[in-house]
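Visitor: Just a sequence and a predicted model for now, questions to come.
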Amino acid sequence: MESGVNTYKRVSVNTASKEQILLMLYEAAIKNCKIAMKAIEEKNIGKKGEYIGKFQDIVIELNNSLDFSVNKEIASELSRLYDYLIFASTQANINVQKESLEDCLTIMNTLYSAWSQAIKSLKK
């Protein structure tokens with residue numbers, strides 16, 4: 001049986017616009033990155049790997065959803081940035097280093113903020 005929270009999440013995603021889904025993905029990636037950083041601090045290797053994996057899954061999905069037909073230059077730049085995030089988070093996972101994840105978090109927060117502003121300006 002599905003819990004109320006799970007039902008709410010499922011309905012939220014199913015009824016969200018593309019823009020809302022994009023922001024949800026960024027929010028989830030940021031959350032998973034923070035949890036992985038905390039796991040490193042706590043020396044919880046299993047949890048670190050789990051949440052870096054979740055972070056990477058979202059970044060891969062963001063990369064796969066790029067539409068190069070809309071703006072090839074921007075899509076290419078984002079793709080390179082997503083590739084760097086995968087590389088940096090892999091290094092954090094292998095070397096158990098929080099610093100690489102801090103870089104990832106900074107980038108994700110910057111992208112989230114930029115997309116939020118872009119979406120707001122489109123709605124006006």
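Guide: Arrived safely, thanks for sending.

Visitor: Which strands and helices lie in contact with the lengthiest helix in the chain?
Guide: Determined from DSSP state H, the single longest helix within the chain is helix 98-123. Helices and strands touching helix 98-123, by 3 or more CB pairs under 8 Å, 6 or more residues apart in numbering; DSSP states H and E, are helix 18-41, helix 72-95. (Each C-beta comes from the backbone N, C-alpha and C, glycine too.)

Visitor: Out of the ones you listed, the one nearest residue 51 is which?
Guide: helix 18-41 (3.9 Å; CB to CB).

Visitor: Following element in sequence after the closest one, please.
Guide: Once the chain leaves helix 18-41, the next helix or strand it forms, by DSSP states H and E, is helix 45-64.

Visitor: now the longest helix of the chain against helix 18-41, angle please.
Guide: For helix 98-123 against helix 18-41, the angle by axes from the mean of the first three to the mean of the last three CA atoms, to 10 degrees is 160 degrees.

Visitor: lowest confidence element among the helices and strands of this structure?
Guide: Ranked by mean pLDDT, DSSP states H and E, the weakest helix or strand in the chain is helix 4-15, scoring a mean of 53.
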